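**Student:** sequence plus predicted model, see below.
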Amino acid sequence: MKVLYVASECAPFIKTGGLADVIGAVPKALAGLGVEARVMLPAYPALAGIAAKGKVVWEAEALLGGPAKLRACTAEGIELMLLEAPHLFDRAGGIYLDATGQDWIDNAQRFGALSQVAARVAMEGATGWKPDLVHAHDWQAGLVPAYLRQWGAEVPSVLTIHNIAFQGLFDPTLMAPLNLSPALYTSEGMEYFWRFGFLKAGIAYSNKITTVSPTYARELMLPEFGMGLEGMLRARAGDLSGILNGIDLDIWNPETDPALVEPYTVRKLKAKTANRTEVMSRFGLTPTDDAPLFCVISRLTTQKGLDLLLEALPVLVGRGARLAVLGSGDKALEAGFVAAAHRYNGTVGVIIGYDEPLSHLMQGGSDAILIPSRFEPCGLTQLYGLRYGTLPVVARTGGLADTVIDANEAALAADCATGVQFAPVTTAALEQAIARTCDLFAQPKVWAGMMRRAMKHPVGWDTSALAYRDIYADLLEQD
């Protein structure tokens, strides 16, 4: 079975969020199940060295304003197809945003080109390789199913929604330059309030739709989560599945992680203490053994509920706990956490930005990780926390609800609790969750038991890769 993955990022090559981690991990997991997956990505400058070693398997003299080549290569155990289109992708700045923090003005053309080439490869193949099926990810690849439908292709397609808040909405006058038929611009197709949507196109024209957790799949059909697409998703409920994300167990492994001061296992939890000490030091925190060290590793946005955490800080500080924050995002939230670090010097530490090795150290050295998201399709940081025995304190939404077992009385009695959940997503509920976590930490045997259960909780890709394989097999059987 041959599957073409189409996405805008893939770890470890280019990453802005959890999408990259998923695209970097799933093809490896599928390989053991008889699925040959190749990942098509833009050849951004960060991938130029890898692309240069690849073999040209497709080319065009003109692709939305300039020449293009598709190069096939292998790197980090992943089969890649890199789209070289210098006029679209060879530029300084972010992969979605320019130096001023605004969307690239030609994002429709950039990712429309990616979708066009993917659809062509799906239909015609590329120098000896032709996929049986295409799997498009998020809005950046959402036009792949639309092109396949428009061109009358019989190749089945799957769309995965990683976060419905990002839909790729553009002026309909851009449809003609993108070679999209006006017949697709309908309320049942890609029209979205007088614009056209890449993600809506994918939902409308893909054969199957998946998202990244069972709870999020249900939430997407509700007005408060569906972002205007809930009606279409309800209409396609029979084609919608929620499949939990997993993590790469080799990269995220406290026994072998090179970012840790001292590795540890579920049987050697005391070794985690050295990492705790290092995190305290890196964030300028006054050491304490009497209360938990919380961490936040996140984009600093209201979606992540971090405005609520700012409001709840007096409770956290009042319980003698410590907080280490690593992230960037909304400037007001960045300023709020920096101010909190000054106000609560020695108790709250903040580093604005992102540092991959430091994020590993924080998972290895913190006692608990705070994730008070207003909505969270799946989330990966809570999975890293489980793997490292850093207990997640999470809002009861999306994949957070599906992956963390709340330490209520029944779960504690049954020895199955792995963290703390709270609802509704309010400051008061978050304050209660922080207080509950501090109470649990004050019971060493209870806390150690939760850590061990968390570290044994399955967070890899085995089950989810099987679910994807089964969806592909069903589609090809129908086809």
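**Tutor:** It's in.
**Student:** how about the helices in the stretch 101-250 of the chain?
**Tutor:** Ranges of helices in the stretch 101-250 of the chain, per DSSP state H, counting those that start in this stretch, are 107-124, 143-150, 198-205, 214-219, 223-226, 230-235.
**Student:** between these, which one is closest to Val57.
**Tutor:** The closest of the helices of the stretch 101-250 of the chain to Val57 is helix 107-124. By CB to CB, the value is 8.3 Å. Placement of C-beta: from N, CA and C, glycine included.
**Student:** nearest to Arg453, out of the helices of the stretch 101-250 of the chain?
**Tutor:** Arg453 lies closest to helix 214-219 among those, at 20.8 Å (CB to CB).
**Student:** flag every buried residue along the closest one.
**Tutor:** Residues of helix 214-219 classed as buried: 214-217, 219 (neighbour count, 16 or more other CB atoms under 10 Å).
**Student:** same check, this time on stretch 46-61
**Tutor:** Neighbour-count burial for stretch 46-61 flags 47, 50-51, 54, 57-58, 60 (criterion: 16+ other CB under 10 Å).
**Student:** got JSON lines for the helices of the stretch 101-250 of the chain, with mean pLDDT too?
**Tutor:** Formatted as JSON lines, those follow (pLDDT from 0 to 100):
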{"stretch": "helix 107-124", "mean pLDDT": "98"}
{"stretch": "helix 143-150", "mean pLDDT": "98"}
{"stretch": "helix 198-205", "mean pLDDT": "98"}
{"stretch": "helix 214-219", "mean pLDDT": "97"}
{"stretch": "helix 223-226", "mean pLDDT": "96"}
{"stretch": "helix 230-235", "mean pLDDT": "97"}
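**Student:** dump the ones you listed into a markdown table; add distance to Thr390 as well.
**Tutor:** Below are the helices of the stretch 101-250 of the chain laid out as a markdown table (distance: least, CB to CB, whole Å):
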| stretch | distance to Thr390 |
| --- | --- |
| helix 107-124 | 35 |
| helix 143-150 | 38 |
| helix 198-205 | 33 |
| helix 214-219 | 22 |
| helix 223-226 | 27 |
| helix 230-235 | 34 |
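**Student:** for Pro292, which of the ones you listed is the nearest?
**Tutor:** Taking the helices of the stretch 101-250 of the chain one by one with CB to CB, helix 214-219 is closest: 26.5 Å.
**Student:** which residues of the chain score low on pLDDT?
**Tutor:** For the chain, the stretches flagged by pLDDT under 70 are 479.
**Student:** ok, the residue of the chain most remote from its centre - contacts?
**Tutor:** Most distant residue from the mean C-alpha position of the chain: Glu61, 34.7 Å away (CA atoms, centre = their mean). Glu61 makes contact with Pro67, according to CB atoms under 8 Å, 6 or more residues apart in numbering.
**Student:** same thing but at 10 Å, please
**Tutor:** Residues near Glu61 by CB atoms under 10 Å, 6 or more residues apart in numbering: 67-68.
**Student:** measure it to Ala68 for me?
**Tutor:** 9 Å (CB to CB, to the nearest Å).
**Student:** kindly report the same for Leu466.
**Tutor:** 36 Å.
**Student:** neighbour count: the two, which is higher?
**Tutor:** Ala68 (23 against 14; other CB atoms under 10 Å).
**Student:** go ahead and confirm the more buried one touches Ala113.
**Tutor:** Yes: counting by CB atoms under 10 Å, Ala68 does reach Ala113; the two are 7.1 Å apart.
**Student:** common neighbours of the two, please.
**Tutor:** 60, 83, 85, 87-89.
**Student:** from the residues you listed, pick the one nearest Tyr96.
**Tutor:** Phe89 (11.5 Å).
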